[in-house]
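> make a model of this:
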Amino acid sequence: MDDKDTSIADLEALLTSARTAPPATVPEALTQTILSDAAQIQKEFQMVAEVGAVGGAAPELWRGLMDALGGWFGVSGLAAASLVGVWMGVAPPEFLPDPVSLASSMSSEALLPLDSFDLADVLAEEVQ
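So this is what the prediction gives:
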């Protein structure tokens, strides 16, 4: 490394000149263009708000429901969880039992492996 590194001194000189220079002014034509664009956008927002207010109670109901669910993040999470649930019901992973086979013609004997378990036998063994 060089002991006579002048990059820090050059940087400090640039920052000092930037601090002492007066701020640049924005041209008047640019200021007027920005303000006219902002006024146009504000008019569009007011038109959208007026159209939404005409709709009646239904938009308020949906807005209240969306707020209760947490906004768009909550609604999108709920939709994603619902789709995952439907998909797992249609095509479950291999480690889960197939709900269609569980619901179809399976007797309780196949579901309960200890169906031959009899309480009377257990009590008889304890008494003896």
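> show me the helices in this protein, by range?
With helices called from DSSP state H, the chain shows them at 7-20, 28-54, 57-69, 71-90, 99-103, 108-111, 119-127.
> can you flag the weakest of these by average pLDDT?
Note on the helices of the chain: lowest mean pLDDT is at helix 108-111, with a mean of 55.
> mean neighbour count added to the helices of the chain, as TSV?
Just so you know, the C-beta spots here come from the backbone N, C-alpha and C atoms, and that holds for glycine as well. Listed next are these as TSV, based on neighbours: other CB atoms under 10 Å:
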stretch	mean neighbour count
helix 7-20	9
helix 28-54	10
helix 57-69	11
helix 71-90	11
helix 99-103	10
helix 108-111	9
helix 119-127	8
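> contacting residues around stretch 83-99?
In this structure, no residues lie in contact with stretch 83-99 by CB atoms under 8 Å, 6 or more residues apart in numbering.
> check contacts around the spatially closest residue to Gly74 that is not a sequence neighbour.
Nearest residue to Gly74 in three dimensions, chain neighbours excluded: Met66, at 7.7 Å (CB to CB, 6 or more residues apart in numbering). The contact partners of Met66, by CB under 8 Å, 6+ apart, come to 72, 74-75.
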